[in-house]
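Enquirer: Please work out how this folds:
(2 chains)
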Amino acid sequence: MLPQLQKDWRRRAPAARLCALGAVASLGLGLASSSHAALTENLGVSVVGMALGNAVTADPPGLDSIHFNPAGLARIKTNRRQDALFGASIKPYASFHQPDGFDIGGWKEDPLNGTKTGPVRQSIYLPIYGSPTWSLPAAFAAGLGLAFHEPESKWTFGTATYVPQAVGIDRTKDPNDPGRFDGRKVVIQRLVYLSPTAAYQLTDTLSLGVSVPIAHQGFMLNTEMRMPNELLGIIGKLQDAWCGDSGNPIDVLAFGLCGGGKEGRLRPFNSVGSMNFDMTAPMDPTINVGVLWEPKEWFAAGAVYQFGSSSTLTGRYTFNANPMLRKFVDGMYASLLGPIMAATFAMPSSIPESQSGNATLVLPFPEHIQAGIKIKPLSFLQFNVDVNWTNWARWDKMTFQFDKQISLLQMARLFGQGDASKLIIPRGYKSPLHFGYGVDLSVGKHFHVRGGYEPRRSSVPSSAMDLIAPLPDLKVYSAGVGYQSDKGLRIDATVAYAHGRFNLPANTSCNLNCTNFSNVIYNPYAGLDVNGGIYIRYGGISFSHPF
Amino acid sequence: MMTAISTRSRAASGLVLALLLHTGLSLAQSSTAASTPSTSSASADAEAARQALAKKDGDVDQAALLKATLTATDKQYSLIKKGSLALTYDLNYAYIGSQLIDARFADNSLTLFSIQNTRSHTITNTVSTDYGLLDNLTGNVTIPLVSKYSQSESFSGLSNGIGDLSMGVRWQPLAQSRDLPALTASSTLRVATGRSPFKTISNQGLATGSGYNSITFGANASKVMDPVAVFGSVSVTLGQAATGLDQTVNGGTLVKMSPGASLSFGMGFAYALSYKVSTTMSFQETVSARSHLYLADGKMSATAPQTSGILSFGLGVRASPKTTMNVSVGVGLGPDAPSFTLGFNMPLNL
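Expert: Residues are numbered from 1 along each chain as shown, chains lettered A, B, ... in the order given. Okay, here's the model as predicted:
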């Protein structure tokens, strides 16, 4: 009975393959419109993976298996070395427009109206050194992978260096860039420098693998701050009316609104200061577990679970305060009733020009599940489909802990900023699912042509979108070529392109343009319509050979 | 009969001695300090100093020295041969639980009273490499990877980091002889590559290193008297001041920390129960001089001298002629020692 079934299957195989392919294709089409994902993951990991829309868990390419599916390393039956070089350019852009009826506490002309962000360069984080002040048009990274296999052994061991997560935006070139209020420079980079991996070939068709990527996590955020808030605007107008051009002689007996002079007049659109964070976790291990099942030449399935972690980053912070709030507070405290008023609002008695110290940040690295299949209906044609899920919901908020009370944050106590030794940046990310698709065409014996499509839906809902991580829905297109010699030399090259845009009318995202009365810290573009998007261009080349 | 004795002798020395390595490892960590209930207005200062003094992760030179001394009695010198390489893996767990009473008196009235509980579970994975520079001179590099779960008022969670890298040499001035004990001198440089306790928010327990460079000079002696091996050691550690700091501690700003010198001595014995199993017992005490803390306003405060001891028990099992695995348990003696430690050790180049 069984042999008969097998015969039937063999006879029907071409039909079955086509059906399976059709199923994959329709699955893909059906889900393409509702697929989701995040931007920063899987961008600089694998040259071949990138060319195939990262849909490679069922056919993990060489040493990139360590990341995509450690079980795939068991397919390497020789000592092998892989060198890779990547370049990526991430260019976000945004423009700001003032809608009709714009009014922030009586102020109706935002100087940012009609502006757009300027040149963006790429920044990286160098372990030990930090983020260099120079920046490049594209970020470059090199990867090295080594695999070790004893003849006749079922085990293969390996390690690789790669970048599983990276964003590096530098807007410092134009000092008046309107984007400077929401991340003048942002670098979030995870660099795996060691990833001991063991893969075991359980049977002829089944392999298991586990790897322990040990990463350096770098984080840098430098931003100017402004607080276009209604209360600030109203107080500013009040100051102008009460103090006039030359102050008010009885102000000293009142609340001291004029005591700060012209510089101490509150203006909702003026910069109040800047903040800078530079933090690292020098060693942060996680675990990848993978399984690979290759029952047929034309079919394989694979899955990987990449455990996450809660990286504890430590480093330095600096807050610089511009004269506006400093003089304002000084003026209040130099009057008769001002201190009472200031105490009522829990304002600090003075604001130092600069405050710095040690900070701690727990930055979750979200867990990721990826599963996929490969179908090879014809000897020269292969299709890959993967489903991806990343638990970005763990990025609910970022909490920076400082070693002292920050006076600038004390000014925000009135608005519910309870503890000025902490800064909580709400994120509210989602954990969407997305698919990736790849096609590999063999041309002759030695050449491969590849194409990939990965529609990534953003993990950032529009209610939480900002310019620090401007990650809208993206469609990633890629193309690649590969050469494989008879002696085992492999050369692969890939280019990829992605574009996504967002449109955020005023009051859409409370990390960006809400006019909520209580939202002082996260609304640098309060009341403005913000339109923008992001371009990603990527290129990589890798060499792999036995040694 | 002679053959039987010599076989046993080698077994005893080999197994037992490798055990010692572990014992030594735990001993080396004995200066990990935990504070006891103490009433002090400068409790945070003391805490900073405690943290600074606490970190000795990866300080395995003494252990390795013991191992080398005891495992190679049939060679002319007891260290590893010129040109040969030995890799060792160590896994160590230490638990520190402490309670700190923070009380402040002003004008004869109590203005501040709080009890801070800090707990930390620390797992240290250490890989050490020994290389025979000469037959009687061995170089050693040790890389510790530290994972720590800490609980305190301001932070609860896991942190990971590279510990302090250490590099050292061991030198055996005299060739081995039947009558004299094996004598070894050593010198180890510890580089502050770990996360400094002075560059994080104080009292969060996130440090994975000591925060300052230090150098240790030591001497060891061991003698095998079948089936027992006895050993003793003494060492002095000098620390380089950590400068350029900017840490908020108890309202002040710490700018410099000058660690006090410490003196350490230990003794113990190993006993071979059989060809494959041996036990060890050892004691080590560390006495540290005052550390000085310099604040930004020009004030200086000094911590109290600290003394800690640890009693270790070990078991070694020889899995193969070249592989001996050791397990040891250390019990902290006195308030400045870790509550307890647990260690595991095995050679990597099988």
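
Enquirer: CA atoms for contacts and neighbours, from now on please.
Expert: Will do.

Enquirer: In the chain, where is pLDDT below threshold?
Expert: You didn't pick a chain, so chain A it is. A:1-40, A:416 (pLDDT under 70).

Enquirer: let's do chain B instead
Expert: B:1-78, B:99-117, B:349-350.

Enquirer: Can you name the residues of it that neighbour chain A?
Expert: Contact residues (Cα under 8 Å from any Cα of the partner chain) of chain B with chain A: B:Leu158, B:Ser159, B:Asn160, B:Gly161, B:Ile162, B:Lys199, B:Thr200, B:Ile201, B:Ser202, B:Asp246, B:Gln247, B:Thr248.

Enquirer: hang on, isn't the fourth one packed against A:Met283?
Expert: Yes: counting by Cα atoms under 8 Å, A:Met283 is a contact partner of B:Gly161 at 4.6 Å.

Enquirer: shared neighbours, the two?
Expert: Here B:Gly161 and A:Met283 share no contacting residue, scored by Cα atoms under 8 Å, 6 or more residues apart in numbering or on different chains.

Enquirer: What segments of the stretch 51-200 of chain A are strands?
Expert: A:80-97, A:121-122, A:139-148, A:155-160, A:162-170, A:185-194, A:197-201 (DSSP state E, counting those that start in this stretch).

Enquirer: Could you list every helix and strand that the second one packs against?
Expert: For strand A:121-122, the contact count by 3 or more Cα pairs under 8 Å, 6 or more residues apart in numbering or on different chains; DSSP states H and E identifies strand A:80-97, strand A:162-170 as packing neighbours.

Enquirer: same for the last one, what does it pack against?
Expert: Read that as strand A:162-170. In terms of contacts (3+ Cα pairs under 8 Å, 6+ apart), strand A:162-170 is packed against strand A:41-44, strand A:80-97, strand A:121-122, strand A:139-148, strand A:185-194.

Enquirer: would you turn those into CSV with mean neighbour count?
Expert: What follows is these, written out as CSV (neighbours: other Cα atoms under 10 Å in any protein chain shown):
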stretch, mean neighbour count
strand A:41-44, 20
strand A:80-97, 21
strand A:121-122, 22
strand A:139-148, 20
strand A:185-194, 23
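
Enquirer: CSV for those, including distance to A:Ile234?
Expert: Shown next, in CSV, are the helices and strands packed on strand A:162-170 (distance: least, Cα to Cα, whole Å):
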stretch, distance to A:Ile234
strand A:41-44, 44
strand A:80-97, 22
strand A:121-122, 38
strand A:139-148, 45
strand A:185-194, 31
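
Enquirer: Out of those, which is closest to A:Leu266?
Expert: With Cα to Cα as the criterion, A:Leu266 lies closest to strand A:80-97 of the helices and strands packed on strand A:162-170, at 22.5 Å.

Enquirer: Can I get that closest one in PDB, CA atoms only?
Expert: Extracted in PDB, the C-alpha atoms of strand A:80-97 (Å, rounded to 0.1, in the frame of the first residue of the first chain):
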ATOM      1  CA  ARG A  80      34.500  27.500   5.800                       C
ATOM      2  CA  ARG A  81      35.200  31.200   6.100                       C
ATOM      3  CA  GLN A  82      32.900  34.000   5.000                       C
ATOM      4  CA  ASP A  83      33.700  37.700   4.700                       C
ATOM      5  CA  ALA A  84      31.100  40.200   4.000                       C
ATOM      6  CA  LEU A  85      30.900  43.900   3.400                       C
ATOM      7  CA  PHE A  86      27.700  45.900   3.700                       C
ATOM      8  CA  GLY A  87      26.700  49.500   3.000                       C
ATOM      9  CA  ALA A  88      23.400  50.900   4.000                       C
ATOM     10  CA  SER A  89      21.900  54.300   3.800                       C
ATOM     11  CA  ILE A  90      18.800  55.200   5.800                       C
ATOM     12  CA  LYS A  91      17.400  58.600   4.800                       C
ATOM     13  CA  PRO A  92      14.300  59.800   6.700                       C
ATOM     14  CA  TYR A  93      12.600  63.000   5.600                       C
ATOM     15  CA  ALA A  94       9.800  65.100   6.900                       C
ATOM     16  CA  SER A  95       8.100  68.400   6.200                       C
ATOM     17  CA  PHE A  96       6.000  70.600   8.500                       C
ATOM     18  CA  HIS A  97       2.900  72.500   7.700                       C
END
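
Enquirer: so that strand versus strand A:162-170, what angle?
Expert: 30 degrees (axes from the mean of the first three to the mean of the last three Cα atoms, to 10 degrees).

Enquirer: what packs against strand A:80-97?
Expert: strand A:121-122, strand A:139-148, strand A:162-170, strand A:529-546.

Enquirer: Can you name the residues that contact the residue of the stretch 151-300 of chain B found nearest chain A?
Expert: Ranked by Cα to the nearest Cα, the top residue of the stretch 151-300 of chain B for proximity to chain A is B:Gly161, at 4.6 Å. Applying Cα under 8 Å, 6+ apart to B:Gly161 gives the contacts A:Ala281, A:Pro282, A:Met283, A:Asp284, B:Leu145, B:Val146, B:Ser147, B:Gly194, B:Arg195, B:Thr208.

Enquirer: if you set the cut-off to 7 Å instead, what comes out?
Expert: A:Ala281, A:Pro282, A:Met283, B:Leu145, B:Val146, B:Ser147, B:Gly194, B:Arg195, B:Thr208 (Cα atoms under 7 Å, 6 or more residues apart in numbering or on different chains).

Enquirer: Quickly name whichever of those residues is closest to A:Ile534.
Expert: For these, the nearest to A:Ile534 is A:Ala281 (28.0 Å; Cα to Cα).

Enquirer: neighbours around the closest one, how many?
Expert: Residues within reach of A:Ala281, counting by other Cα atoms under 10 Å in any protein chain shown, total 25.

Enquirer: That one belongs to a strand, doesn't it?
Expert: Yes: secondary structure of A:Ala281 (DSSP: H, G, I helix; E, B strand; the rest coil): part of a strand.

Enquirer: and the residue nearest to it when sequence neighbours are not counted, what helix or strand is that in?
Expert: Nearest non-adjacent residue to A:Ala281, counting by Cα to Cα, 6 or more residues apart in numbering or on different chains: A:Leu313, 4.6 Å away. Element membership for A:Leu313, per DSSP states H and E: strand A:309-321.

Enquirer: can you tell me the residue of the stretch 151-300 of chain A closest to chain B?
Expert: For the stretch 151-300 of chain A, Cα to the nearest Cα, closest residue to chain B: A:Met283, 4.6 Å.

Enquirer: Pull the contacting residues for that residue.
Expert: The neighbourhood of A:Met283, defined by Cα under 7 Å, 6+ apart, consists of A:Ile214, A:Ala215, A:His216, B:Asn160, B:Gly161, B:Ile162.

Enquirer: My reading is that the residue of the stretch 151-300 of chain B closest to chain A lies in a strand. Confirm?
Expert: Yes: under three-state DSSP, B:Gly161 falls within a strand.

Enquirer: Contacts only, for the closest residue to A:Phe148 other than its chain neighbours.
Expert: Leaving aside its chain neighbours, A:Phe148 sits nearest to A:Asn79 (4.5 Å; criterion: Cα to Cα, 6+ apart). A:Asn79 sits next to A:Ala147, A:Phe148, A:His149, A:Pro546, A:Phe547 when contact means Cα under 7 Å, 6+ apart.

Enquirer: Look up how far chain B lies from A:Asn79.
Expert: Remark: distance between A:Asn79 and chain B (Cα to the nearest Cα, to the nearest Å) = 19 Å.

Enquirer: Strands of the stretch 401-547 of chain A, start to end?
Expert: A:422-426, A:433-443, A:447-456, A:474-484, A:490-504, A:529-546.

Enquirer: for the stretch 101-250 of chain B, that is, sorry about that
Expert: Taking DSSP E, counting those that start in this stretch, the strands of the stretch 101-250 of chain B run over residues B:109-134, B:137-151, B:156-162, B:165-171, B:182-191, B:214-225, B:228-239, B:247-249.
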